[in-house]
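Peer 1: Any chance you can model this:
(4 chains)
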Amino acid sequence: MDWIPNFLLPFFYAVTMIVAVMTIAGYSVLAERKVSGWIQHRVGPNRTALPIVGSIPIIGPFLTKLGIFQPLADGLKFLFKEDIMPGHVRKGYYFAAPIIALVPALTTMVVLPFGQYVDADGVTQPLVLANVDIGILFILAVSSLGVYGIVLAGWSANSKYPFLGGIRSSAQMVSYELAMGLSILPVFMWAAAPGADYGLSLYGVVRSQDGLWLGIWQPISAMIFLIAVFAESNRLPFDMAESETDLVGGFHTEYGSFKFGLFFVAEYAHIVIGSAVFVLLFMGGWNFLPFVASPWPDGVIGAVLSVLWFLFKIFAMIFFFIWVRWTLPRFRYDQVMRLGWNILLPLAVGNLIFNALLIAIHDRL
Amino acid sequence: MSADAKAETITINVDGVDREVPKGANLIDAIEQLGEEIPHYCYHPKLSVVGNCRMCLVELGMPMRDRATGEPVLDDDGVQKIGWMPKPGIACSTTVAPGMHIKTKSQVVKDCRNGVMEFLLLNHPLDCPICDQAGECRLQEFATDYGRGYSRYTEAKNVKPKRTRIGPRIMLDDERCILCSRCIRFSKEIANDDVLGFIDRGSYSTLTTYPGKQLENNYSLNTVDICPVGALTSTDFRFKMRVWFLKAVPSICTESSVGANTEVWSREGKIYRITPRRNDAVNDTWMTDSGRALYKQVEADNRLRAYQVDGKASSFDAAIAAAIAQMKQGKTAVVASARASLEEQFLLSQMVEATAAVRVDMVSHYGDGDHLLLSEDRTPNLRGALLTGLINDLPDARLDGLGKAIDAGEVDTLFVVHEDLAAAGLTDAQIAKVKVIYAGIEENSSSANAKVSFPLLTVFEKEGSFVNQNFRVQKFHNAIPAPRGVVYDLHLLETLRAHMVGESPTRPTVPAVWELMAQKITCLHGLDFRGLGDLGVGVDAGRFASLPFVESKNLKHDPEKRSKLGVEAGATA
Amino acid sequence: MAKTKVLERKPLSLAERTYLPQIASGLKTTLGNMLKPNVTLQYPEERPVIPENYRGVPTLVRDPEGREKCVSCQLCEFVCPPKAIRITPGEISEGSDTEHVEKAPEEFEINMLRCIYCGLCQEVCPEEAIFLQDIFSVSGYSREEMINKKDKLYELGGTLPDRHRKWDKKKAAEINGPAHH
Amino acid sequence: MAILNDENLAKVDKLVPKYPEKRSATLPLLHLIQEEHGYISNEAVEWVAERLDLSPINVYEVVTFYPMFKQKPGGKYAVKVCRTLSCALGGAYKTCKAFEEALGCGLDQTSEDKLASLEFVECHANCGRAPVVMVDEQMFEGVDENGARKLVEKMREGTL
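Peer 2: Numbering: from 1, shown residues only, chains lettered A, B, ... in the order given. Below you'll find the predicted structure:
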């Protein structure tokens, strides 16, 4: 009877993971609203209160003021709003689109390591659902599927603004996927150096950043990757697909209630995943600080601390995402294309060649 | 008249400018004709001069002459010197004289007015916010021109009774009274009812009636009009509406054949009061109290408000169809009205032609005249019916002739305008024998038994003209909108006429009807509606001048003179 | 033709062309703003300080004796630019305590759907009976509800001190008779 | 209506034609009536008006204008205390007060026993010795408070 560890346990882990990512995504929305409020000298959501929790003397009002309960209310609202479907949409694709948008975002987390556990034998093991060697390839492959959701949504809506949004989104996705892929090659060229046994495993990348973080060692790669993540997750200043000023709402113009909510969550899940990957690749994962040995003790406590540290970094990245959003204006479409093809792609190729040469020279020495 | 006036002018010098004024005129009137005003309270052009308000003080002077030789006294430049009177004099009791010099804007004059205003305002309660006169108050107007803006009087003001009923229609506020005595003079000189007077003296002076008497003659409300302040107010209009909201439309009083010129004051389709409009050829500046109450017929309970067929409300088109069907059966008689306007009578005469009516009758409404502004004929337009050819002789008070015709079976259908058949002497049996088509303002015995009833409009809801006792054509204007759904009387008559002859009806306007009338009626040749002006035009009575009209001598009517004038009447229009 | 002066556009430096310094300074600005203290007023709980001459909802006031000050002179109705005021004047019946005032509004309506809060009614009122006070938030479920009737107007207006006591003086004078004997 | 006795009626008949306008006889007629009755009633006003072809209000205006015409019956004596400047300075107010107390009535009133009516009037044109008091047609000078009381006593005794 080994179906419990073989089947039920992974399932439990997966559900936990989904809940965690979804929760973080939900609270990213809150963070977005709150931070935008602060940046614009407003207060942001501060009214929603739970019946009992909200009335606990000091804590209740404080949480309410922070808007902690707001995502709950938003989620409920999305759930219970009337589900309006325009008459002119292509129904099957219209329903499939939000699911297709969300599923890849959630799937990528399977290969995301989020901490380490040193067991009683002193063996360090990654905390991950599936520690596959081709982790980064998996992520690149699956996450770029998310664009199908957007394209389908744009097309199935059968009206011009969503359609334009979908087209733009796919073009953008194609443009930046290249630069993104090329930008992380040097990372792996260094991390998966001959002798290291972990190939394209993300865990391996983190392990390799024990001392020096790759973000410092490979700043150009980090920058290109960061920009590409912005573009891939359709964040400002790259939200061509839904730019309100010229496309009304882009691909989700015709969506409402829970289906819109799915898109919404998918977008923020992308941010979470993107932040996590960036942290893993360039910010040392759960490693404490550059050149400082991680002080995590062995055992469960060390594992929890490493996870928390990793989460902290993710949150910092999410904050950065939001911060950028409320600072930079949206690019024009042609600017987005030029940046992707004319600048980032050559830069990434150049960076790759430069690093290859560097490694070649390094190996000769 | 105007030609005469032009011949008799003299030159006076007003504020350094030589101006032509009518000879023998009062100085205030003369200046008014020049388009300027000398402020005054007690003076009234139609009343005697008392000169007790002192507001009209002006500087007066005559060219100097040497007393001994009678030679003009010249100054160094060889211009005749002006002998200014040492003190200002009141303009109201000064008659213009050739060469007279007056100053109306000098500092002295202004000081005089300032002083007079200060005294008048000493004990004035300053209750303009609750005063009905506010907005048309001479005291307010001159206080803005010559008032000081604040009072130097620190003592307590005089207190007098605020609401004394000095007549059934008049309320006196003693505190506001400036003792100009216009009302007293009016009662005595115009109304011949000398009941008002000032009792006590000094600051106790009070306007009052003799104990046990009231100002209750039929002209009492004119005292309210001429009161320059808010001392006398009409109980009917009191506190109802501020005058600045009211729109004044020139109209004609329908009470009697005098045809007093009036102004109808309304706001948003509701009439609040009627006041006289000055017309020296008709009513001077007066009118009767009873005439002022006529606006109440607009909202009277017995007003006919809807088109009816067989006593049931119906649409205009259905009522027209029913009436036409009835009249086409033939043997239609028409009872016309002297209360309809000239244009309506004309269109009715057209309709009479179109229906080939067997006879046209009219009912007279005579009462006692007061030899002033209430004549014996209580209809406004009897002479109009004569001019339009509806009738050829004076009507009787009873429809006996028509009654006989009905009895003889000569009449099947009766088209009645305004008149009450039972009151006009038809028996129930006679009425029952015919089908009645009634058009009128009120519900009465005619409408009660009518096959078809058409609501007509009051004089306030339409425009048109009346011919008064002196064959003077005077027009009235639309003051308030007609009741919902009721068409203009002219439209109704034209529709009936057109359907009778199988034409398609037009919507006749008063000026358009006038064009027709001017062609068809001899004495209206060359006239048009606009040309009547606000004061009306006298027309040639022609062969009707010798008819034995019932009007006796009154304010502007002299039957003897009238019949003598005959043909000339038109010429002096 | 006015002379046009062509300004030469300077070429961007390399650092400027990367935009990175600009982005960094932008981020600095937004972060600086974020850390500044907030000025937002938590409206329904916190109320703004209403200055004395604030022009809120027009109301009718009573004098300290509880007498209605309005004498329905209708000047406000006249001056009201959007014609929001509607007064039916009435007479104070003889024998009442305030019969010396003679006139009071029988009905007084201010249509808050029309009112533009210009304050001309307050300006023009000779009896100091109408005031735009500190109420700034009005709402209702129907048009009828938005027309403030006389009762509502007095309820909103309350009582204000009367500096002149004109009618009190007048009444005293009526009781005591003329001052000079 | 017996407004005037025969003697006065005869006077009236002589008076009226003396004036070019009848209206001018109003004052003399009113004086006659006041002399006979001591006051002028509304009936008298109406009688005068009829006699002179006037409206009653015209006569009424005259009656109310002059303070010397009484509209109500007064006391046996009419006491008039001067209040104009020199008399006022000379103590007319005190004198008046004394009269009020002695007669037991206020100003412009008649004492309860109908003895006298008291008035505080403008100058009697006899400013020699203030205060000046007139009782009916008799002039008294220098009437102080004591003088006033004495005058009232005399009136009571009928020795004035």
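Peer 1: how close does residue B:379 get to residue D:6?
Peer 2: To residue D:6, residue B:379 is 58 Å away according to CB to CB, to the nearest Å. Quick note: C-beta positions are derived from backbone N, CA and C, even for glycine.
Peer 1: Compare those two (neighbour count), which wins?
Peer 2: Ranked by neighbour count (other CB atoms under 10 Å in any protein chain shown), residue B:379 and residue D:6 place residue B:379 first, with 25 against 8.
Peer 1: Please, where are all the helices along chain C?
Peer 2: Under the criterion DSSP state H, chain C contains helices at C:14-18, C:20-35, C:75-79, C:120-124, C:150-157, C:166-176.
Peer 1: let me redo that: the stretch 101-250 of chain A
Peer 2: Applying DSSP state H, counting those that start in this stretch to the stretch 101-250 of chain A gives helices spanning A:135-143, A:146-156, A:160-191, A:202-208, A:214-217, A:219-232, A:244-247.
Peer 1: List just the one of these that sits closest to chain C.
Peer 2: Proximity to chain C, assessed across the helices of the stretch 101-250 of chain A by CB to the nearest CB, is greatest for helix A:219-232 (8.5 Å).
Peer 1: What residues does the residue in the stretch 1-150 of chain B positioned nearest to chain A make contact with?
Peer 2: Chain A sits closest to residue B:129 of the stretch 1-150 of chain B, with a gap of 49.2 Å, by CB to the nearest CB. By CB atoms under 8 Å, 6 or more residues apart in numbering or on different chains, the residues touching residue B:129 are C:71, C:73, C:75, C:103, C:126, C:127.
Peer 1: so how far is the lengthiest strand in chain C off the chain centroid?
Peer 2: The longest strand of chain C (DSSP state E) is strand C:103-111. Strand C:103-111 sits 18 Å away from the centroid of its parent chain (CA atoms, centre = their mean, to the nearest Å).
Peer 1: just stretch C:140-148 next, same as before
Peer 2: How far stretch C:140-148 lies from its chain's middle: 18 Å, per CA atoms, centre = their mean.
Peer 1: Please apply the same query to stretch A:56-69.
Peer 2: Offset of stretch A:56-69 from its chain centre (CA atoms, centre = their mean): 28 Å.
Peer 1: okay, how far is it across that stretch, tip to tip?
Peer 2: 14 Å (CA to CA, to the nearest Å).
Peer 1: List of residues touching it?
Peer 2: A:30, A:33, A:34, A:44, A:45, A:46, A:47, A:48, A:49, A:50, A:53, A:54.
Peer 1: Counting neighbours, which of those residues end up buried?
Peer 2: Among the contacts of stretch A:56-69, the ones that count as buried by 16 or more other CB atoms under 10 Å in any protein chain shown are A:30, A:33, A:34, A:44, A:45, A:46, A:48, A:49, A:54.
Peer 1: In strands, which of these appear?
Peer 2: Going by DSSP E, the strands hold none of the buried ones among the contacts of stretch A:56-69.
Peer 1: which residues touch stretch B:207-218?
Peer 2: Contact with stretch B:207-218 is made by B:164-170, B:172, B:174, B:177, B:179, B:183-184, B:187, B:191, B:193, B:195-199, B:223, B:231, B:288-290, B:370, B:374, D:42, D:45, D:55-57, D:60, as judged by CB under 8 Å, 6+ apart.
Peer 1: Mark which of the residues you listed are part of helices, please.
Peer 2: Filtering these for helices - DSSP H - leaves B:183, B:184, B:187, B:223, B:289, B:290, D:42, D:45, D:56, D:57, D:60.
Peer 1: okay, now the second one: neighbour count?
Peer 2: Residue B:184 has 22 neighbouring residues, counting by other CB under 10 Å.
Peer 1: so how far is chain C from the nearest residue to it once chain neighbours are set aside?
Peer 2: What sits nearest to residue B:184 in space, not counting adjacent residues and going by CB to CB, 6 or more residues apart in numbering or on different chains, is residue B:196, at 4.5 Å. To chain C, residue B:196 is 22 Å away according to CB to the nearest CB, to the nearest Å.
Peer 1: show me the contacts for residue B:292.
Peer 2: The neighbourhood of residue B:292, defined by CB under 8 Å, 6+ apart, consists of B:221, B:236, B:273, B:274, B:275.
Peer 1: Could you rerun that using 7 Å?
Peer 2: Listed by CB atoms under 7 Å, 6 or more residues apart in numbering or on different chains, the contact set of residue B:292 reads B:221, B:273, B:274.
Peer 1: near chain C, which residues of the stretch 1-150 of chain A?
Peer 2: Contact residues, the stretch 1-150 of chain A versus chain C (CB under 7 Å from any CB of the partner chain): A:38, A:39, A:41, A:42, A:43.
Peer 1: closest to residue A:294 out of the helices of the stretch 101-250 of chain A?
Peer 2: helix A:202-208 (10.4 Å; CB to CB).
Peer 1: low-scoring stretches of chain C, by residue?
Peer 2: C:1, C:177-181 (pLDDT under 70).
Peer 1: what does it put close to chain A?
Peer 2: By the rule CB under 7 Å from any CB, the part of chain C lying against chain A is C:23, C:26, C:27, C:30, C:31, C:33, C:34, C:38, C:39, C:40.
Peer 1: rewinding a little: who is the residue nearest to residue B:184 paired with across the strands?
Peer 2: Note on residue B:196: beta-bridge partners by DSSP bridges are residue B:209.
Peer 1: Could you check how far it is from residue B:181?
Peer 2: Counting by CB to CB, the gap from residue B:196 to residue B:181 is 9 Å.
Peer 1: Drop anything exposed from the contacts of stretch B:207-218.
Peer 2: B:164, B:166-167, B:169-170, B:172, B:174, B:177, B:179, B:183-184, B:187, B:191, B:193, B:195-199, B:223, B:231, B:288-289, B:370, B:374, D:45, D:55-57, D:60.
Peer 1: So for residue A:250, what's the pLDDT?
Peer 2: Looking at residue A:250, its pLDDT is 73.
Peer 1: Isn't it up against residue A:260?
Peer 2: No: if you go by CB atoms under 7 Å, residue A:250 and residue A:260 don't touch, sitting 11.9 Å apart.
Peer 1: So those two - more neighbours on which side?
Peer 2: residue A:250 (26 against 18).
Peer 1: Contact partners for that one?
Peer 2: A:161, A:162, A:165, A:241, A:242, A:243.
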